[in-house]
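Novice: A predicted structure for the sequence below; I have some questions about it.
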Amino acid sequence: MKTVSAFAVMLACLWGTTTVTAGTLSAEEEAISSKVLKYAEENLSTTLGKYNDDYKLSSVEVIYDLKRLYPEMSFKKAVIPMMRILRGHKDQNVRAMAAILLQQIGDGRGTWAVKEAARFDGSKLVRHVCSTLACEKH
């Protein structure tokens, strides 16, 4: 019985995904989707600034995925917290991911922070990633 229920849930999720990707959303569904994405952006930006490193890392990864799926989303509220992560996070991999995300967001403040990290970050990895991103932008 549980196997049938799990299969039904998977099938429903798959059907829902194909419906969304097929672009057949009504105007009402489109408005709801837009509102949900807006709230997600606000919550993720808040999480970047206030919570522990695990939540910050998860937020960076989710924003990265959302930015790739929805390039029209701006994520301007995430720029300053992301700049703080780029400048001061203890893990060089998280700083590198923040740099990539700042470059994808395309805000001038984030681009400047990436260029500065390319020059001054203490990690060779982060400097390399940031200098590559800075060169790609031009």
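Specialist: It's in. Numbers count the residues shown, from 1 in each chain.
Novice: Buried ones in the lengthiest helix in the chain, by neighbour count?
Specialist: For the chain, the helix that runs over the most residues, judged by DSSP state H, is helix 27-50. Judged by neighbour count (16 or more other Cβ atoms under 10 Å), helix 27-50 contains these buried residues: Glu41, Leu44, Ser45, Thr47, Leu48. In short, each C-beta sits where N, CA and C put it, glycine included.
Novice: Stretch 90-101 too?
Specialist: Gln92, Val94, Arg95, Ala96, Met97, Ala98, Ala99, Ile100, Leu101.
Novice: Is the third one in contact with Phe120, as I believe?
Specialist: If I follow you right, that is Arg95. No: with contacts counted by Cβ atoms under 8 Å, Arg95 stays clear of Phe120, the gap being 11.9 Å.
Novice: returning to what we had before: quick check: next helix or strand after the longest helix of the chain?
Specialist: Under the assignment DSSP states H and E, the closest C-terminal helix or strand after helix 27-50 is helix 53-69.
Novice: contacts for the helix or strand just after that next one?
Specialist: Next in sequence after helix 53-69, counting helices and strands by DSSP H and E, comes helix 79-88. Helix 79-88 is contacted by residues 45, 48-49, 56, 60, 94-95, 98-99, 101-102, 105, 107, 109-110, 113-114, 117, 126 when judged by Cβ atoms under 8 Å, 6 or more residues apart in numbering.
Novice: Direction-wise, compare helix 79-88 with helix 27-50 and give the angle.
Specialist: Counting by axes from the mean of the first three to the mean of the last three Cα atoms, to 10 degrees, helix 79-88 lies at 40 degrees to helix 27-50.
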